[in-house]
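Enquirer: The sequence and its predicted three-dimensional model are supplied below.
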Amino acid sequence: MIEIRFHGRGGQGAVTSAELMAQTAIARGRYAQAFPSFGPERRGAPVTAFLRISDSPIRVREKIYNPDVVVVLDPTVMSVTRVDAGLKPGGWLLVNTHKSPADVKKEFGYAQKVATLDAMSIALEVLGVPITNTVMLGVFSKVLGQATPEDVKEPFLNRFGEALAAKNQLAFEKAYAETRLEE
Amino acid sequence: MAAKRIGLEVSLAVSEAVMLCDADVVAAYPITPQTHIVEHLSELVADGKLDAAYIPVESEQSAMSSCIGSSAAGARTFTATSSQGLALMNEMLYIAPVLRTPVVMAIANRALSAPINIWNDHSDIMSVRDAGWVALFAENGQESLDLTIMSFRIGEDRRVSLPVSVNIDGFTLSHFIEPILVPTREEVAKYLPPFNPLVKLDIAKPVSIGMLGMPESYTEARKATDDALLASKEVVKECFADFAKQFGREYKVVESYRADDAETILVVMGSIAETAMTAVDEMREKGEKVGLVRLRLWRPFPVEEFKAAIKPAKNLAVIDRHMVMGVPDGPVALEVKSFLYADAARPSVSNYVLGLGGRDVTREDFWHITERAKAPDAAARPRYELVGVME
């Protein structure tokens, strides 16, 4: 089982990210569970979402305290939250930032592996809105091999409808190709 | 073709179940964390996927009043609520069973105020436990959908004719996206016959429902309802068995997990059972003789099945999600102790209240409870513990 925690701000799609990856995994016959951090929804406030993916039925409903992966949709959250809290040694931090993995590690003192992508630029360029969730899913899928561009086609279509799904598909594929991994 | 699981939010799975059951009336008022259920139902009605009257009432008191009226007129009726919404329904909740109106209600269980809190515990349902409703607790998304379907059949059975609540832990179950098998309308129609009540409001054959009960008849009217509720257990079991035959998913009124040879048994209700089962597995790996018993049916209380399930235990750890103020016991523990009082060979019972107002319930909680419940030193074994409280 792989456990993932998403950090973002209300309105950026942290919850949608977790949902889409869960639906992608389930559509492929695997087991998955996605849930929000259940706060009163406030646009702009730091939010957390959780995702578990497994090859066998998942029988635990506690929050994720020791994730294998942390996805950061908004780099400003890193200044107010220890997004690496409980992250397993050898785990991944996937960060939306124009900075390099080495700079992010140095600035925030992260001990785990880091991958970065300037997801905001891709979101603005391809989607025309500052919503980075499907872009960051591209990073996630690339780094962890959890889903290919082909796998997300149907879940995107179900979630966004035809026109918007095509844009998100493009954003996902661009991220999948451009993600910078730690050397 | 084998059906395929889809990733679905549990709230929406409940709405889909209501659509598959072809409900005639949905009367509801939105309240977190139940809102997604009725929001999706209003979409299904607006999109023409469910041919029902959707009544957007101005309060939960009106929601339940409308439900009782429509059910009395022979309409298959559904509503959903949480916490303060359930509290606002209170007077109508006691009326529906005695009028024998089989309304089905999903309760996305949430803490009662104050302090105001939108998160999960069982204080809402426990505050109306004596009203006369059949009450079921779901463990996961599949069960939430399945129990919703079965609830219409249980409640509408003429031997029962009582309202049914399906309790779904708010957020920790209602807001999870998880794999769920959704049956077809045809399959559900095969399982669920049309609603055909013994008596209904009909202008061609006028009757009065809800008359004054004088001192000469009130006791008997209450007893008739209680008799029906107690007798409904056999119908619940029958409906579970028929569901298993058709859909292949087996449900029991009381579930056991690794309890056959357990010295310590945890007793739980609702979705924390999943985390508890994982904790049991982890403790078993270390050689701990621990098991789990889960009450799926809470009303009527399945006394015989429960006693049979806990038989091997020396120590019973009863876990409650509600605080009964003024009494040092949770509601489930109070009842368990009363059932066991007359038995010569009864286990040592300790009670743990936890997960109030959304405080996360973790595997560690169950390890802690198991340690406490089996402590050889009586002084170390609590009679009652509010787990994790900050003094």
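Expert: Everything's here; your move. Not measured: the values here are computed from a predicted model.
Enquirer: So which bits of stretch A:146-159 are buried?
Expert: Residues A:Gln146, A:Ala147, A:Pro149, A:Asp151, A:Val152, A:Lys153, A:Pro155, A:Phe156, A:Arg159 are the ones in stretch A:146-159 that count as buried (16 or more other C-beta atoms under 10 Å in any protein chain shown). Heads up, the C-betas are built off the backbone N, CA and C, glycines and all.
Enquirer: Roughly how far does the fourth one sit from A:Arg28?
Expert: Spelled out, that is A:Asp151. To A:Arg28, A:Asp151 is 6 Å away according to C-beta to C-beta, to the nearest Å.
Enquirer: cool, and the fifth one?
Expert: Relative to A:Arg28, A:Val152 is positioned 10 Å away (C-beta to C-beta).
Enquirer: what residues does the stretch 151-300 of chain B put near chain A?
Expert: Counting by C-beta under 8 Å from any C-beta of the partner chain, the stretch 151-300 of chain B comes close to chain A at B:171-173, B:175-179, B:271-272, B:274-275, B:277-278.
Enquirer: Return the subset of the residues you listed lying in strands.
Expert: Here DSSP state E is the test, and those give B:Ile177, B:Glu178, B:Pro179 as lying in strands.
Enquirer: Tell me if stretch B:106-122 is near chain A.
Expert: Yes: judged by C-beta under 8 Å from any C-beta, stretch B:106-122 and chain A are in contact via B:Ile118, B:Trp119.
Enquirer: how about that stretch: buried residues?
Expert: Result for stretch B:106-122 [16+ other C-beta under 10 Å]: buried residues B:106-112, B:117-122.
Enquirer: just the residues you listed now: which is nearest B:Pro206?
Expert: Using C-beta to C-beta, the shortest approach to B:Pro206 within the buried residues of stretch B:106-122 belongs to B:Ala106, at 33.0 Å.
Enquirer: Next one: the closest one relative to chain A, how far apart?
Expert: Applying C-beta to the nearest C-beta, to the nearest Å, the value for B:Ala106 to chain A is 18 Å.
Enquirer: give the contact list for that residue.
Expert: Each residue near B:Ala106 by C-beta atoms under 8 Å, 6 or more residues apart in numbering or on different chains is listed here: B:Val14, B:Gln34, B:Ile37, B:Phe78, B:Thr79, B:Ala80, B:Ser144, B:Thr148, B:Ser165, B:Val166, B:Ile168.
Enquirer: Phi and psi next, for it.
Expert: phi -90, psi 130 (degrees, to the nearest 10).
Enquirer: Please apply the same query to A:Pro36.
Expert: With angles defined as degrees, to the nearest 10, A:Pro36 sits at phi -80, psi 170.
Enquirer: go on, B:Ile265?
Expert: The phi/psi pair for B:Ile265 (degrees, to the nearest 10) reads phi -120, psi 130.
Enquirer: right, and it touches B:Lys289 too?
Expert: No: with contact defined as C-beta atoms under 8 Å, B:Ile265 does not reach B:Lys289; the gap is 9.7 Å.
Enquirer: the more surrounded of these two?
Expert: B:Ile265 (28 against 19; other C-beta atoms under 10 Å in any protein chain shown).
Enquirer: who's in contact with that one?
Expert: Shown in contact with B:Ile265 (C-beta under 8 Å, 6+ apart): B:259, B:290-293, B:309-310, B:312-313, B:315-317, B:347.
Enquirer: Just give me the neighbour total for the closest residue to it other than its chain neighbours.
Expert: Distances taken as C-beta to C-beta, 6 or more residues apart in numbering or on different chains place B:Ala313 nearest to B:Ile265, at 4.1 Å, with adjacent residues excluded. Counted with other C-beta under 10 Å, the neighbours of B:Ala313 add up to 26.
Enquirer: And what about the residue most central in space within chain A, helix, strand or coil?
Expert: What sits nearest the mean C-alpha location of chain A, by C-alpha atoms, centre = their mean, is A:Val71, with 4.4 Å. Here A:Val71 is strand, with the state taken from DSSP: H, G, I helix; E, B strand; the rest coil.
Enquirer: swap in A:Phe6?
Expert: Of the three states, A:Phe6 takes strand under three-state DSSP.
Enquirer: so what's it scoring on pLDDT?
Expert: We note a pLDDT of 95 for A:Phe6 in this prediction.
Enquirer: so what's it up against?
Expert: By C-beta under 8 Å, 6+ apart, A:Phe6 lies in contact with A:Ala14, A:Val15, A:Ser17, A:Ala18, A:Thr48, A:Ala49, A:Phe50, A:Leu51, A:Val70, A:Val71, A:Leu73.
Enquirer: and the third one, what does it touch?
Expert: The one in question is A:Ser17. Listed by C-beta under 8 Å, 6+ apart, the contact partners of A:Ser17 are A:Phe6, A:Gly8, A:Ala49, A:Leu51, A:Val71, A:Leu73, A:Asn133, A:Thr134, A:Met136, A:Leu137, A:Phe140.
Enquirer: change it to 6 Å
Expert: Taking C-beta atoms under 6 Å, 6 or more residues apart in numbering or on different chains, we find A:Ser17 in contact with A:Phe6, A:Asn133, A:Leu137.
Enquirer: got it, and the fifth one?
Expert: Neighbour list for A:Thr48: A:His7, A:Ser37 [criterion: C-beta under 6 Å, 6+ apart].
Enquirer: any idea whether it is helix, strand or coil?
Expert: On the three-state scheme (three-state DSSP), A:Thr48 is labelled strand.
Enquirer: for A:Leu164, what are its contacts?
Expert: Not one residue lies near A:Leu164 by C-beta under 6 Å, 6+ apart.
Enquirer: How much space separates the nearest residue to B:Arg321 once chain neighbours are set aside from B:Ser350?
Expert: Excluding the flanking residues, the one nearest B:Arg321 by C-beta to C-beta, 6+ apart is B:His122, at 3.8 Å. Counting by C-beta to C-beta, the gap from B:His122 to B:Ser350 is 19 Å.
Enquirer: B:Met283 now?
Expert: B:Met283 is 17 Å from B:Ser350, where distance means C-beta to C-beta.
Enquirer: What of B:Asn140?
Expert: Distance, B:Asn140 to B:Ser350, using C-beta to C-beta: 27 Å.
Enquirer: near chain B, which residues of chain A?
Expert: A:19, A:22-23, A:26, A:31, A:33-35, A:38, A:59-63 (C-beta under 6 Å from any C-beta of the partner chain).
Enquirer: And the residues you listed, which is the shakiest by pLDDT?
Expert: Ranked by pLDDT, these bottom out at A:Phe38 (69).
Enquirer: buried stuff in the longest helix seen in chain A?
Expert: For chain A, the helix with the greatest residue count under DSSP state H is helix A:162-178. Within helix A:162-178, the residues scored as buried using 16+ other C-beta under 10 Å are A:Ala165, A:Lys167, A:Asn168, A:Gln169, A:Leu170, A:Ala171, A:Phe172, A:Lys174, A:Ala175, A:Tyr176, A:Glu178.
Enquirer: Tell me where chain B has helices.
Expert: Remark: helices assigned in chain B by DSSP H are B:10-20, B:35-46, B:60-72, B:83-88, B:90-98, B:123-126, B:141-156, B:185-191, B:218-247, B:272-285, B:303-310, B:331-340, B:363-373.
Enquirer: what's across from the closest residue to chain A within chain B in the sheet?
Expert: Here chain B gets closest to chain A at one residue, B:Gly7, 3.6 Å apart by C-beta to the nearest C-beta. Counting by DSSP bridges, B:Gly7 is bridged to B:Pro179.
Enquirer: what do you get for A:Ser54?
Expert: According to DSSP bridges, the partner residues bridging A:Ser54 are A:Tyr31.
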